[in-house]
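Q: Here you go, sequence then predicted model.
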Amino acid sequence: MTRFHRLLPYVGLATLAVAGVALVGLPSAVVRSEGVARSVRVEASTFAFTPATIEVDPGDRVTIELASADVVHGLHIEGYDVNLTADPGQPATVSFVADRPGTYRIRCSVPCGPLHPFMSGRLRVGPPSTFWRAIALAFIAVAVGGLALWRKPAGPRVRLGPA
Amino acid sequence: MMPIDLTRFPFVRSILVARGPQLAVQLAAVAGLLLVIAAGLLGTPVGSRNPATVLVWIAWWAALMIVAVPFFGRLWCGICPLPLPGEWLQRGALLRPRGRGRGMGRPWPRRLRGLWVQNAAFVIVALFSLPVLTQPRLTALLLAGLVLVAIAISLVFERRSFCRYLCPVGGFIGLYAQAAPLEVRVRDPRVCADHTTKTCYTGSADGYGCPWLVFPATLTSNVSCGVCLECLRTCPLDNVAIRLRPMGADLRRSAPVRIDEAFKSLVLIGSALVYAFVLLGPSSALRAAAAAVGSPSWLAYAAGFLLVTVVLVPGLFLAATRLGRSVGRNHLSAKEGLQRFAPALVPLGLAAWAAFSLGFVLTNASYILPALSDPIGLGWDLLGTTSMPWTPMGGTLASWALAAIVLVGLAWSSRHVRAVAEDLAGGVRMAIPVWGFSFLVTAGLLWVFVA
């Protein structure tokens, strides 16, 4: 085995790591200098947010009005430090600037019943590029695992099964 | 990396052979189980406040899938409290062998051996999992039911037939324990061949014959070894070792795995996909259907679950291996294609479950301390943490952490797929369709985790 072959797995892993960091850290959209004001009314009831996905553009000033139809619900956006609670019949409002592109999970922050841990939605800021970055990484993972990390076993090959 | 024999270190060996430390951990696990059952039956019905749901489905499940199985294999099975009351009754002893015990010791029916019953048990439990993991009372009833079934099986059938052939979690752990860097193996099989009494299987005054119905000299994988340590105690020739080894060492076996094991691998991949989509995905209607057991929407969910896990995923994988056979110019039968390639999916399946479990625990771990502080919902504050607020952990990096785990699993599986294809003289061309299948599974998981 040559020195190159011995180093190949490490080169593969390093490639995956570098590509991963690059893809995750790549700016996904240009933040507009002047976003528009967007208001969204989110209704929370029986373990669901409606709408389940809020789509805005980077730089927008977003106002969310949370209205609860049954019991007390909360709305927490991971990565944006947004948290509000609404009693039934008493909507609550919060505003923030969507200055970080990407997809962020929205969760209910107040225990509201059996399916509370799974009550979630999404805030999408800008085009849905996160998934495609992950897919690009998946291609690299297959290449690294199937090509770079695989090494022919030493000694004569044992052939399994019919040819 | 050469395996490191841990039992060569006298201190480690003495700890492992002694029954006291293992029994102490087992008793603690049984006490924990009783607490969980009591809290589930008597405590608050709010799932996020009750130790039954919080300790079992957030703390224990995450610890099992993220730490115990990937790094210690079936070590959990050696201390699992579910079969212990039955085993103690069967043996009539807590420690060393003492007389005949109370079990009838019948052999498990030949037709029910293998993993098929376990596969069915897993799928049945999985269909009801959403109500179970959100309702403390159902969690308690499920655990108590499993203990009672294990007692009944132990009193009628020999050894740990329950764990080996029935336990819905046991097959799951066994399959993924193949990835773990820990194994129980004999040092020299020739020593076992010459050993006429085979005390590791028949038992002796020092310990019980293998509770898992395995002759240790034939062990080639972790699938059926429960790491109960009995063979370490009963071997008079010091020929049993517990070794550290490279991760995934079991996955390069020269013989094809049994078809039930191959099927298990595919069912678990399909289940991980469905769970991730239902529990972490955007559709609240789907979650509501999964929770409404007995309703028409639940029947549709159950049909969809079975379709994906039992038909669609195995069917796609079969198609991938058949395509690989064609382009790799190999005459492998359909069955052997499944048997050869399915073990290569173990890293991806394990990664899928670990990522799914990590996502769940990062979001919900802050429920653990409040639930422990007021275990029965009586307004207690034993730890001073009852009013601790819910705080999700990880932030936006959590999604990428889940994605990273799945991608490592994909890379690892891709390597094994290539190795199998090369062993079959099919080369890269034979591997490409199976890589495609793994890629599709990964894409589905990534869509849930980061999209």
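A: Yep, that arrived.
Q: do you know how far the residue positioned nearest the centre of chain A is from B:Ser48?
A: Nearest to the mean C-alpha position of chain A, counting by CA atoms, centre = their mean, stands A:Thr103 at 4.8 Å. Distance of A:Thr103 to B:Ser48, computed by CB to CB, to the nearest Å: 25 Å. To be clear about C-beta, it is placed using only N, CA and C from the backbone, and glycine gets the same treatment.
Q: re earlier: in a strand, that's where the residue nearest to the centre of chain A is, yeah?
A: Yes: per DSSP: H, G, I helix; E, B strand; the rest coil, A:Thr103 lies within a strand segment.
Q: Next up, the contacts around it.
A: Going by CB atoms under 8 Å, 6 or more residues apart in numbering or on different chains, A:Thr103 touches A:Arg122, A:Leu123, A:Arg124, A:Val125, A:Pro128, A:Thr130, A:Phe131, B:Ser399, B:Val450, B:Ala451.
Q: Counting only helices, which of the residues you listed make the cut?
A: Members of those lying in helices (criterion: DSSP state H): A:Thr130, A:Phe131, B:Ser399, B:Val450.
Q: Pretty sure the third one sits against B:Val448.
A: Spelled out, that is B:Ser399. No: assessed by CB atoms under 8 Å, B:Ser399 is found out of contact with B:Val448, at 9.7 Å.
Q: These two: who's more crowded?
A: A direct count of neighbours by other CB atoms under 10 Å in any protein chain shown for B:Ser399 and B:Val448 places B:Ser399 higher, at 26 against 23.
Q: just for chain A, where's the confidence low?
A: Applying pLDDT under 70 to chain A flags residues A:1-6, A:8-9, A:12, A:23-33, A:152-163.
Q: how does it look with 50?
A: A:155-163 (pLDDT under 50).
Q: Do a quick rundown of the strands in it.
A: Ranges of strands in chain A, per DSSP state E, are A:37-45, A:48-50, A:53-56, A:61-68, A:73-77, A:82-86, A:92-97, A:102-107, A:120-125.
Q: rewinding a little: closest one to B:Leu316 out of the ones in helices among the contacts of A:Thr103, please.
A: A:Phe131 (20.9 Å; CB to CB).
Q: which residues does that closest one contact?
A: Neighbouring residues of A:Phe131 by CB under 8 Å, 6+ apart: A:Thr103, B:Leu446, B:Trp447, B:Val450, B:Ala451.
Q: who's in contact with B:Ala121?
A: By CB under 8 Å, 6+ apart, the neighbours of B:Ala121 are B:Leu166, B:Cys167, B:Pro168, B:Gly171.
Q: now do A:Phe96
A: Shown in contact with A:Phe96 (CB under 8 Å, 6+ apart): A:Arg61, A:Val62, A:Tyr80, A:Val82.
Q: and those as a markdown table, adding neighbour count?
A: Below are the contacts of A:Phe96 laid out as a markdown table (neighbours: other CB atoms under 10 Å in any protein chain shown):
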| residue | neighbour count |
| --- | --- |
| A:Arg61 | 16 |
| A:Val62 | 23 |
| A:Tyr80 | 20 |
| A:Val82 | 17 |
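Q: Can you pull the phi and psi angles for B:Pro236?
A: phi -80, psi -10 (degrees, to the nearest 10).
Q: What distance do you get for it to chain A?
A: 35 Å (CB to the nearest CB, to the nearest Å).
Q: From what I see, B:Leu440 and B:Leu316 are in contact.
A: Yes: taking contacts as CB under 8 Å, B:Leu440 lies within contact range of B:Leu316: 7.3 Å.
Q: what about B:Ser224, neighbour count?
A: Neighbours around B:Ser224, by other CB under 10 Å: 21.
Q: Quick check: closest non-adjacent residue to it.
A: Spatially, and ignoring its direct neighbours in sequence, B:Ser224 is nearest to B:Val214 (5.2 Å; CB to CB, 6 or more residues apart in numbering or on different chains).
Q: just checking, that neighbour is part of a helix?
A: No: going by three-state DSSP, the assignment for B:Val214 is coil, not a helix.
Q: Low-confidence bits of the stretch 251-400 of chain B, can you list those?
A: In the stretch 251-400 of chain B (pLDDT under 50), no residue qualifies.
Q: List the residues that contact B:Asp255.
A: You called it Asp, but residue B:255 is Ala. B:Ala255 makes contact with B:Thr220, according to CB under 8 Å, 6+ apart.
Q: Same question for stretch B:397-408: list its buried residues.
A: If you call a residue buried by 16 or more other CB atoms under 10 Å in any protein chain shown, then stretch B:397-408 has these buried ones: B:Ala398, B:Ser399, B:Trp400, B:Leu402, B:Ala403, B:Ala404, B:Ile405, B:Val406, B:Leu407, B:Val408.
Q: swap in stretch B:152-164?
A: Within stretch B:152-164, the residues scored as buried using 16+ other CB under 10 Å are B:Ile153, B:Ser154, B:Leu155, B:Phe157, B:Glu158, B:Arg159, B:Arg160, B:Ser161, B:Phe162, B:Cys163, B:Arg164.
Q: Show the contacting residues for the fifth one.
A: I take that to be B:Glu158. With CB under 8 Å, 6+ apart, B:Glu158 has these contacts: B:Gly103, B:Gly105, B:Arg106, B:Pro107, B:Trp108, B:Leu213.
Q: which among those residues end up buried?
A: Neighbour-count burial (16+ other CB under 10 Å) is assigned, among the contacts of B:Glu158, to B:Gly103, B:Trp108, B:Leu213.
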